[in-house]
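Peer 1: let's see this in three dimensions:
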Amino acid sequence: MGKWSGRETRALRQAKRMSLREFAAYLGVSDRTVSKWEAGAERIQPRPDSQAMLDTVLERSGDEVRNRFDLLIEREAAALGALMRDQPRPPVNAPAPLAQLGGGRVHPRTGKKMIQVEAGPFLFGPYNRVVELPTFYLDATPVTNADYARFVTAASYRLPDHWRGGRCPSEIEDHPVVNVTHWDAEAYCQWAGVGLPTEEQWEKATRGVHGQTYPWGDQATVAKCNVRESGIGRTTPVERYHSGVSPYGVYDLSGNVWEWCRTETAPGRYVLKGSAFTSPFRMAAGAASNDASVDMFDDDTGFRCAVTPDVFGSAAPA
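Peer 2: Sure thing, here's the model as predicted:
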């Protein structure tokens, strides 16, 4: 979690179905301490050692508890940001203006929520080099199978290998699309009037301006993402890990699928970021990176898109 707020502490206690007194005894702290944490909402946070303990408790909990925890966090998010999340998808080529809520916009062609990442410096790479970027918007989630299906239909484009019978299986519509090459990702971007993010853009959206290790903070918490150690062995819905979002509110920047960037590492090879359900947790750190040939495709590789602010008045990719 990195930084546990009162809401998250309460969600963990409720997910474990413990009373305040039982939870305090389980953690080895006083009732008053837990009560203070929960009452403090965002104003009062546990000390770093207590935060690490809460991370450990969540990580060692079973799937049932973690799923309840995610559901409770989701309900909190729904109460705080329902209007943003419930924005209806506009029809293709819907004209501006678009709803703007808390730094988020809805892209006029894809209908996807995009999150604003403000201009300014941030810490980039394993050596925390200071890099300055202008404002940009990044997809709140990876491109899903359902998103990609609209492109395939509109552009008469070839289907990914994992789609059978000429269509996307309904049970994975909200999972990230996979089995896409860098060329496929670029074709989607050209159709949508967007672009793949640079490695720097992707990493700033993940680590924030202060260069935290993971989207959620500095604690190594496998339970907040879908990586090899999670034991899931397949992709998951792109909005499953509510407790693993980045400082900007972007989902799935650690785990689930590797994501193509438009940064070239060598002729014909491009950066991949984020790790995947097939890859180790250590690669889920924001500064970690991989690369692959432009024509590589696999069942653990997808993408998301970025744009400059003027896309909402014109159609310039990032």
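
Peer 1: show me the shaky parts of the chain.
Peer 2: Within the chain, the stretches with pLDDT under 70 are 1-3, 40-46, 48, 76-103, 313-318.

Peer 1: centroid residue for it?
Peer 2: Geometric centre of the chain, nearest residue: residue 251, 1.8 Å, by C-alpha atoms, centre = their mean.

Peer 1: chain neighbours aside, what residue packs nearest to that one?
Peer 2: Spatial nearest neighbour of residue 251, excluding adjacent residues (C-beta to C-beta, 6 or more residues apart in numbering): residue 141 at 4.8 Å. The way it works is simple: take the backbone N, C-alpha and C, and place the C-beta from them, glycine included.

Peer 1: that neighbour and residue 112 touch, don't they?
Peer 2: Yes. Between residue 141 and residue 112 there is a contact at 7.4 Å, judged by C-beta atoms under 8 Å.

Peer 1: the spatially closest residue to residue 163 that is not a sequence neighbour: how many residues sit nearby?
Peer 2: Excluding its sequence neighbours, the residue lying closest to residue 163 (C-beta to C-beta, 6+ apart) is residue 169, at 7.0 Å. If you count neighbours by other C-beta atoms under 10 Å, residue 169 ends up with 12.

Peer 1: against residue 283, how distant is residue 169?
Peer 2: Distance, residue 169 to residue 283, by C-beta to C-beta, to the nearest Å: 27 Å.

Peer 1: what's the neighbour count on residue 297?
Peer 2: With other C-beta under 10 Å as criterion, residue 297 counts 18.

Peer 1: so what's it up against?
Peer 2: Applying C-beta atoms under 8 Å, 6 or more residues apart in numbering, we find residue 297 in contact with 160-161, 178-181, 184.

Peer 1: what segments of the stretch 101-250 of the chain are helices?
Peer 2: Taking DSSP state H, counting those that start in this stretch, the helices of the stretch 101-250 of the chain run over residues 145-155, 182-192, 199-207.

Peer 1: most tightly surrounded among those?
Peer 2: The highest average neighbour count among the helices of the stretch 101-250 of the chain, using mean count of other C-beta atoms under 10 Å, belongs to helix 199-207 at a mean of 25.

Peer 1: and it, what does it pack onto?
Peer 2: Contact analysis of helix 199-207 by 3 or more C-beta pairs under 8 Å, 6 or more residues apart in numbering; DSSP states H and E lists strand 113-117, strand 120-124, strand 129-133, strand 136-139, strand 258-266, strand 269-273 as its packing neighbours.
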